[in-house]
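Asker: what follows is a predicted protein model with its sequence.
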Amino acid sequence: MAKRCFQCGNINPKEISNLYGYDVCHSCKSKIGLLKDNTLRKHILSYEKVRETVPENSTYKEEVDYRLNFMEENYIRQRIKLLHIQERLKEIG
Ligand SMILES: [Zn+2]
């Protein structure tokens, strides 16, 4: 199956790479705002600094894990809700 950028629909195979299971073209990839390692190191340090005074706070890694999990659960909830609306519209619309 031909690769297709999930966002803009670009199908030029030379411009598409796979990121974590998603096909993305170079142009759309550059607009996602992927963080550089130096920025990540700053985030780690700022979380560690807070943990010096509030040790029970999460580490940066824990926070990222939490956000990914929360986002996935929220995505599924919203998708179920919309699929239900779509199904009901077929019935009553
Ligand atoms: Zn694209």
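Answerer: That came through fine.
Asker: is it true that residue 24 lies in a helix?
Answerer: No - counting by DSSP: H, G, I helix; E, B strand; the rest coil, residue 24 is located in no helix; its state is strand.
Asker: does residue 25 really touch residue 5, like I thought?
Answerer: Yes - in this structure, residue 25 is within contact of residue 5 by CB atoms under 8 Å, at 3.9 Å. Where you see a C-beta, it was placed from the backbone N, CA and C, and this is true even at glycine.
Asker: mutual contacts of the two, please.
Answerer: Residues within reach of residue 25 and of residue 5 at once, by CB atoms under 8 Å, 6 or more residues apart in numbering, are 15, 16.
Asker: check which helix or strand covers the residue nearest the centre of the chain.
Answerer: Taking CA atoms, centre = their mean, the centroid of the chain lies closest to residue 68, which sits 7.1 Å from it. Assessed by DSSP states H and E, residue 68 sits inside helix 60-92.
Asker: tell me the buried residues in that helix?
Answerer: Across helix 60-92, burial judged by 16 or more other CB atoms under 10 Å covers residue 60.
Asker: mean confidence (pLDDT) on it, please.
Answerer: Mean pLDDT, helix 60-92: 97.
Asker: distance from it to the middle of the chain?
Answerer: Computed by CA atoms, centre = their mean, to the nearest Å, the chain-centroid distance of helix 60-92 equals 13 Å.
Asker: so that it lines up with my notes, have the first residue be 311 from now on.
Answerer: From this message on, residue numbering opens at 311, which makes the last subject helix 370-402.
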